[in-house]
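> here is my input; please provide its structure:
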Amino acid sequence: MTQNLQINRQIVLASRPTGAPTDENFNLLQSDIPTPQSGELLLRTVYLSLDPYMRGRMSDAKSYAEPVGINEVMVGGSVCRVEQSNHADYQKGDWVVAFGGWQDYSISNGEGLIKLDNNIANPSYALGVLGMPGLTAYMGLLDIGQPKPGETVVVAAATGAVGSLVGQIAKIKGCKVVGIAGGKEKCDYAVNTLGFDACLDHYHEDLAEQLTKACTDGIDVYFENVGGKVFDAVLPLLNSSARVPLCGLISQYNATELPEGPDRMFALMGALLVKRIKMQGFIVFDDYGHRYDEFSRAMFQWLTEGKIKYKEHKVDGLENAVTSFIGLLEGKNFGKLVVQVGPDNLA
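Here you go, the predicted model:
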């Protein structure tokens, strides 16, 4: 572990990317460790979550959240140890989930913190299966997708932090599940470990034909987190009254212009109308934060019972966050991407 406990390393946004982010869009700075004031906490980052939404926060385009400012610390969820506490509800050594960003230390006044059991076996799971990705999968599929036993559910990025859970929850609910992932290793994992009925490699030129063969009864629920050519293959197969929870469009995050080819909007609008398809976007904590306890109880039980399998892609060292994030947007991660920033024991 390369964390220096005497300084605060911070990765800040140096410039806004055009297209795919590069190393030049980030700076690694060093500063003094901040001092908590009355009612505040000093948090030491142990685990940092890297997620696709962060690409959107690097842009100054209007969105559901304010962009990261130039020379400001990159945003991100984190699991932290309380290093100092001037807050009555927290003690030194407590585990908390925070939004501390890409840095070793952060200050909190307690707002928005989630306290974890100090004997938790896998604290980093609070950034994945028991955190934002898990809540996204659970609420998006069950509240918007509303899968019914015997229906066909298709999910892209099938071995990612969200997609892997969507497919497994759909299986728990009695559905046929077809995943789409990048490469044979990921597809084999989706079928052999996660229990999907099939998984198709999106690198294959005949993806649309393979999807048609795999979904002989059409598609009732498509959990959308990719867009692009995957959605092009899915759209003609959507059944009447199909549901499409929309949580991300990772294939488009680095785009600087519209894709080549005919305007697809008319085909999409026509399908939505004629087939009475429900497509709904959602921002998970804005829309479903009040149901976190419901999700947490259900997911923890499924994990305990072995009904949910979970894979982390863990990277060591804050200095490797930029390379790992760039790779995430290219689909190079296998499982939930987490950076271990510092040691998990008390300093």
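
> for the closest residue to A267 other than its chain neighbours, what are its contacts?
Spatial nearest neighbour of A267, chain neighbours left out: L235 (6.9 Å); criterion: C-beta to C-beta, 6 or more residues apart in numbering. Every residue, glycine included, has its C-beta placed from N, CA and C. Neighbouring residues of L235 by C-beta atoms under 8 Å, 6 or more residues apart in numbering: 267-268, 271.

> can you list the low-confidence ranges for the stretch 1-150 of the chain?
By pLDDT under 70, the weakly predicted segments of the stretch 1-150 of the chain are 1-5.

> please redo it, this time with the cut-off set to 80
Within the stretch 1-150 of the chain, the stretches with pLDDT under 80 are 1-5, 61-65.

> please enumerate the strands of it.
Using DSSP state E, counting those that start in this stretch, the strands of the stretch 1-150 of the chain run over residues 8-13, 26-31, 41-49, 78-85, 95-98, 105-108, 114-115.

> let's have those strands in JSON lines, adding mean neighbour count and distance to V177.
JSON lines is the format used below for the strands of the stretch 1-150 of the chain (neighbours: other C-beta atoms under 10 Å; distance: least, C-beta to C-beta, whole Å):
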{"stretch": "strand 8-13", "mean neighbour count": "20", "distance to V177": "37"}
{"stretch": "strand 26-31", "mean neighbour count": "15", "distance to V177": "37"}
{"stretch": "strand 41-49", "mean neighbour count": "25", "distance to V177": "25"}
{"stretch": "strand 78-85", "mean neighbour count": "23", "distance to V177": "30"}
{"stretch": "strand 95-98", "mean neighbour count": "21", "distance to V177": "29"}
{"stretch": "strand 105-108", "mean neighbour count": "20", "distance to V177": "39"}
{"stretch": "strand 114-115", "mean neighbour count": "14", "distance to V177": "30"}
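
> dump those strands to CSV, plus distance to G183.
Below are these laid out as CSV (distance: least, C-beta to C-beta, whole Å):
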stretch, distance to G183
strand 8-13, 29
strand 26-31, 27
strand 41-49, 23
strand 78-85, 29
strand 95-98, 31
strand 105-108, 36
strand 114-115, 34
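
> hang on, the earlier thing: against C247, how distant is the residue nearest to A267?
17 Å (C-beta to C-beta, to the nearest Å).

> again with F300
Applying C-beta to C-beta to F300 and C247 gives a distance of 22 Å.

> who has more neighbours, these two?
C247 (24 against 15; other C-beta atoms under 10 Å).

> how far away is the more buried one from Y138?
Remark: distance between C247 and Y138 (C-beta to C-beta) = 11 Å.

> and Q280, helix, strand or coil?
Here Q280 is recorded as strand under DSSP: H, G, I helix; E, B strand; the rest coil.

> bridge partners for it, pull those for me.
Listed by DSSP bridges, the beta-bridge partners for Q280 are P245.

> report how many residues lie close to it.
By other C-beta under 10 Å, 14 other residues sit near Q280.

> got the contact list for it?
Neighbouring residues of Q280 by C-beta under 8 Å, 6+ apart: 144, 243-246.

> what pLDDT does the closest residue in space to A156 that isn't next to it in sequence get?
In space, and not counting its chain neighbours, A156 is closest to V226: 4.0 Å by C-beta to C-beta, 6+ apart. As predicted, V226 sits at a pLDDT of 76.

> which members of the contacts of L235 are classed as buried?
Buried members of the contacts of L235, counted by 16 or more other C-beta atoms under 10 Å: A271.

> quick check, nearest of the contacts of L235 to F282?
Lowest distance from F282 to the contacts of L235 (C-beta to C-beta) belongs to L268, with 18.4 Å.

> secondary structure and pLDDT for the contacts of L235 - can I get that in a markdown table?
As requested, the contacts of L235 are exported to a markdown table (DSSP: H, G, I helix; E, B strand; the rest coil; pLDDT from 0 to 100):
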| residue | secondary structure | pLDDT |
| --- | --- | --- |
| A267 | helix | 82 |
| L268 | helix | 84 |
| A271 | helix | 85 |
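
> any chance of the contacts of L235 in JSON lines, plus distance to L194?
Below are the contacts of L235 laid out as JSON lines (distance: C-beta to C-beta, whole Å):
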{"residue": "A267", "distance to L194": "32"}
{"residue": "L268", "distance to L194": "29"}
{"residue": "A271", "distance to L194": "29"}
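
> looking at the contacts of L235, which one is closest to P123?
Set against P123, the nearest of the contacts of L235 by C-beta to C-beta is L268 (41.7 Å).

> now do the contacts for that closest one.
L268 neighbours (C-beta under 8 Å, 6+ apart): L235.

> ok, it to V75 distance?
Distance of L268 to V75, computed by C-beta to C-beta: 31 Å.

> please identify the buried residues of the biggest helix by length in the chain?
Scanning the chain for the helix with the most residues, using DSSP state H, yields helix 292-304. By 16+ other C-beta under 10 Å, the buried positions in helix 292-304 come out as 292, 295-296, 298-299, 302-303.

> could you do stretch 150-168 as well?
Buried residues in stretch 150-168, counted by 16+ other C-beta under 10 Å: 151-168.

> and for stretch 275-285?
By neighbour count with 16+ other C-beta under 10 Å, stretch 275-285 contains the buried residues 277, 279, 282, 284.
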